[in-house]
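>>> sequence first, predicted model second:
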Amino acid sequence: ESMQDRIIDMLSNGWIEKKNSSYIGNTFVNQQGREYVVTSYFHRKEDNKKMLSILFLESGYETLSTHTHVKNGLVVDRLSPNIAGVGCIGYASTKDNHKEYGVWYNMIERCYNKNNSSYGRYGGKGVTVCSRWLRFDYFLEDFTRIDGYDEEAFKCSELQLDKDLKQYDLPYEQRVYSLETCTLVSPLVNAQFVAPVKKGKKIVVTNIETGQELEFKSISQFAREFNYPRRKVSTYFSSGKAFENWVVKGENK
C-alpha cells in the first residue's frame with residue numbers, strides 16, 4: 001500500500017489534515033541516528049489522536065507514525081541498513097512473514113555480524129549475501145522461487161536455506177546466498193555441509209538411523225542448525241535420550 005493510499009484511507013476515516021501545523025518541516029533523529037522531516041500532520045477529533053507523515057532524508061523512506069513515536073525518535077527507517085550494518089527490511093511486513101523473516105535475519109547475521117556465534121563458519125570464511133537479498137522485501141519476493149520450495153514443508157519447519165549444494169566445488173570465500181545459488185533442503189541434508197569446528201569444546205552427535213556423525217561447538221549450535229528448541233534438545237541429551245534420531249556420542253576438547 002502506497003503512502004498516498006494510506007493517507008486517502010485516513011481521510012475517509014475521520015482524520016483531518018492540518019496544513020498549518022508547526023510540526024511540518026521539523027527535523028528529528030531516530031535512535032539509529034537517521035534524520036527525518038515531518039511532511040504532514042493529521043488529527044482525529046473523536047479520540048484526539050495525532051499522526052505525522054515523515055520522510056527520511058538519506059534513504060527517501062516515507063511512512064506514517066504516531067506523534068509520540070516521531071517526537072521520541074522511535075520511527076525505524078526500513079530502507080536503512082539496520083540489520084548487521086547491511087540489511088534492511090524494505091516494505092514487507094515482518095509480522096505477516098515471520099518464518100521467512102527468521103530465515104533472512106539469520107542469514108544476514110551469520111554472514112555480517114562478527115558477534116554472531118555462527119559468523120566464523122560463514123562471514124568469517126568469506127560467505128556473502130547478494131545485494132538484492134540484503135533487502136527483506138526482495139528476499140521475500142524470491143523465496144517461493146528458490147529451488148526446493150514447498151509451502152507445507154516450510155510451514156512445518158522441514159526446510160532450511162542452503163548455499164552449499166550448488167556451490168560445493170567453490171571455495172568458501174566465493175560462496176554467496178542468492179536465488180541462483182541457493183536451495184531449500186531438509187535439516188539432515190543441510191547438516192552434511194556444516195563446516196567443521198576447529199577450536200574449542202565440541203559435541204559429537206550421531207544419527208541412530210543413518211549412522212551419520214557430525215561435530216558442533218555446542219548443543220546450542222546443534223539446535224540452531226536444525227531449528228530445534230534448544231532447551232528440549234538439552235533435556236533429551238542430558239538424560240541420554242535420542243532427540244529426532246540424534247544422540248550425543250561424546251565431547252572433544
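Good, I have the coordinates. Numbering: from 1, shown residues only.
>>> need the pLDDT of Asp162.
As predicted, Asp162 sits at a pLDDT of 92.
>>> I should have written Thr183 there, sorry.
Thr183 carries a pLDDT value of 94.
>>> same question for Ala242.
Turning to Ala242, the model gives it a pLDDT of 83.
>>> which residues are in contact with the residue nearest to it when sequence neighbours are not counted?
The shortest distance from Ala242 to any non-neighbouring residue, by Cβ to Cβ, 6 or more residues apart in numbering, is to Ile208 (5.8 Å). No exception for glycine: its C-beta is placed from N, CA and C like everyone else's. Neighbouring residues of Ile208 by Cβ atoms under 8 Å, 6 or more residues apart in numbering: 242, 245-247.
>>> among those, who's most crowded?
Trp246 (22 neighbours; other Cβ atoms under 10 Å).
>>> isn't it up against Glu209?
No. In terms of Cβ atoms under 8 Å, Trp246 does not count as a neighbour of Glu209; the distance is 9.2 Å.
>>> tell me where the model's unsure across the stretch 151-253 of the chain.
Residues of the stretch 151-253 of the chain meeting the criterion pLDDT under 70: 191-201, 239, 250-253.
>>> quick one, helices of it?
Taking DSSP state H, counting those that start in this stretch as the test, the helices found in the stretch 151-253 of the chain are 151-155, 187-191, 219-226, 230-238.
>>> quick check: Glu215 vs Glu152, distance?
To Glu152, Glu215 is 32 Å away according to Cβ to Cβ, to the nearest Å.
>>> these two - which one has more neighbours?
Using other Cβ under 10 Å, the more surrounded residue of Glu215 and Glu152 is Glu215, with 16 against 8.
>>> sorry, back to before: and the contacts of Ile208, which is closest to Ser178?
Ser178 has its nearest neighbour among the contacts of Ile208 in Trp246, at 30.5 Å by Cβ to Cβ.
>>> now Phe28: phi and psi?
Dihedral pair for Phe28: phi -130, psi 170, per degrees, to the nearest 10.
>>> what's the answer for Leu134, then?
The phi and psi torsions at Leu134 (degrees, to the nearest 10) take the values phi -70, psi -10.
>>> check Val37 too.
The phi/psi pair for Val37 (degrees, to the nearest 10) reads phi -120, psi 140.
>>> flag every buried residue along stretch 95-108.
Burial within stretch 95-108, assessed by neighbour count using 16 or more other Cβ atoms under 10 Å, is assigned to 97, 100-101, 103-108.
>>> can you put those in TSV and add secondary structure and pLDDT?
As requested, the buried residues of stretch 95-108 are arranged in TSV below (DSSP: H, G, I helix; E, B strand; the rest coil; pLDDT from 0 to 100):
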residue	secondary structure	pLDDT
Asn97	coil	95
Glu100	helix	96
Tyr101	helix	95
Val103	helix	95
Trp104	helix	96
Tyr105	helix	95
Asn106	helix	94
Met107	helix	96
Ile108	helix	96
